[in-house]
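Asks: 3D, please:
(2 chains)
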Amino acid sequence: DGGITQSPKYLFRKEGQNVTLSCEQNLNHDAMYWYRQDPGQGLRLIYYSQIVNDFQKGDIAEGYSVSREKKESFPLTVTSAQKNPTAFYLCASSIRRDRKVGAEGYTFGSGTRLTVV
Amino acid sequence: QKEVEQDPGPLSVPEGAIVSLNCTYSNSAFQYFMWYRQYSRKGPELLMYTYSSGNKEDGRFTAQVDKSSKYISLFIRDSQPSDSATYLCAMSPNAGNNRKLIWGLGTSLAVNP
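Replies: Just a heads-up that it's a prediction; the model follows:
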């Protein structure tokens, strides 16, 4: 079955440490996204990529970095510059469309819960 | 003012009730409207998708869009305890390469047996 796999499910980070969250999809989707979800704040876009080797900052990119070397993979690194990284991180993908009508929603992974210890 | 407003709830209803979930928005350019369901500690899953105005029905779920009022609704008929989840609305002005979804905060729903 096609889908998005995020790993690990739970991750603990020490102060000053960089950690990388994995996101892999086998849906043949062009576009991929990283969101952060905090209670009371909804989904906030960190980075997105419409195509391989290209990505754009979202609304809260500071302290995060990404790469898109393969269509299937869009890893997110939470750097030590991110002062409040404890959150639920969601990866999503969607088909890139050039048509003006017709759209599909995002397919989400099951998320990674990151906690600073 | 947020582009999309959604009452976070919580909303608690008895099993079998009709549930109405709503979002309002301010950007008249929005054309694509979606509802996602998110169970606790899981990623959201697409429930309903609507383009422009009108109604769309899928089983016990009906999505309505009223662009003149900038108001969208999701109705759940014969609600079940398995419908207990957070429901997020999302919308976008276009389906092209630069599409980014604008999200509501989500409404927490509890259906009590």
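Asks: Could you check the pLDDT of the most centrally placed residue in chain A?
Replies: Nearest residue to the geometric centre of chain A (CA atoms, centre = their mean): residue A:34, 2.3 Å. With respect to pLDDT, residue A:34 scores 97.
Asks: Skipping adjacent residues, who's closest to it in space?
Replies: residue A:46 (4.3 Å; CB to CB, 6 or more residues apart in numbering or on different chains). Where you see a C-beta, it was placed from the backbone N, CA and C, and this is true even at glycine.
Asks: next one: residue B:2
Replies: residue B:26 (7.9 Å).
Asks: Can you tell me how far residue B:65 is from chain A?
Replies: Distance of residue B:65 to chain A, computed by CB to the nearest CB, to the nearest Å: 14 Å.
Asks: That should have said residue B:14, apologies.
Replies: 26 Å.
Asks: State the number of residues packed around that residue.
Replies: 9 (other CB atoms under 10 Å in any protein chain shown).
Asks: who are the neighbours in contact with the residue nearest to residue B:2?
Replies: Counting by CB atoms under 8 Å, 6 or more residues apart in numbering or on different chains, residue B:26 touches B:1, B:2, B:3, B:4, B:70.
Asks: who wins for most neighbours among these?
Replies: residue B:4 (22 neighbours).
Asks: There's contact between that residue and residue B:89 in this structure, I believe.
Replies: Yes: using CB atoms under 8 Å, residue B:4 is in contact with residue B:89, at 6.5 Å.
Asks: which residues are common contacts for those two?
Replies: Residues touching both residue B:4 and residue B:89 (CB under 8 Å, 6+ apart) are B:23, B:103, B:104.
Asks: which among these are in contact with chain A?
Replies: Near chain A, judged by CB under 8 Å from any CB of the partner chain, the entries from those are B:103, B:104.
Asks: Quick check: the residue nearest to residue A:34 is in a strand.
Replies: Yes: checked against DSSP: H, G, I helix; E, B strand; the rest coil, residue A:46 lies within a strand.
Asks: Contacts only, for it.
Replies: Counting by CB under 8 Å, 6+ apart, residue A:46 has contacts A:34, A:35, A:36, A:58, A:59, A:60, A:61, A:64, A:66, A:76, A:89.
Asks: Now with 7 Å, please.
Replies: Residue A:46 is in contact with A:34, A:35, A:36, A:58, A:60, A:61, A:64, A:76, counting by CB atoms under 7 Å, 6 or more residues apart in numbering or on different chains.
Asks: need these in a markdown table with secondary structure, can you?
Replies: Shown next, in a markdown table, are these (three-state DSSP):
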| residue | secondary structure |
| --- | --- |
| A:34 | strand |
| A:35 | strand |
| A:36 | strand |
| A:58 | coil |
| A:60 | coil |
| A:61 | coil |
| A:64 | strand |
| A:76 | strand |
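Asks: Tell me how far residue A:75 lies from chain B.
Replies: Taking CB to the nearest CB, one finds residue A:75 at 17 Å from chain B.
Asks: Tell me where chain A is predicted with low confidence.
Replies: For chain A, the stretches flagged by pLDDT under 70 are A:1, A:96-104.
Asks: let's go with 50 and repeat that
Replies: Scanning chain A for pLDDT under 50 picks out A:99-102.
Asks: Out of the contacts of residue A:46, which comes closest to residue B:48?
Replies: residue A:35 (19.9 Å; CB to CB).
Asks: if we can go back for a sec, mind giving me JSON lines with the contacts of residue B:26 and columns for distance to residue B:113, secondary structure and pLDDT?
Replies: Shown next, in JSON lines, are the contacts of residue B:26 (distance: CB to CB, whole Å; DSSP: H, G, I helix; E, B strand; the rest coil; pLDDT from 0 to 100):
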{"residue": "B:1", "distance to residue B:113": "38", "secondary structure": "coil", "pLDDT": "73"}
{"residue": "B:2", "distance to residue B:113": "34", "secondary structure": "coil", "pLDDT": "82"}
{"residue": "B:3", "distance to residue B:113": "37", "secondary structure": "coil", "pLDDT": "90"}
{"residue": "B:4", "distance to residue B:113": "32", "secondary structure": "strand", "pLDDT": "94"}
{"residue": "B:70", "distance to residue B:113": "36", "secondary structure": "coil", "pLDDT": "95"}
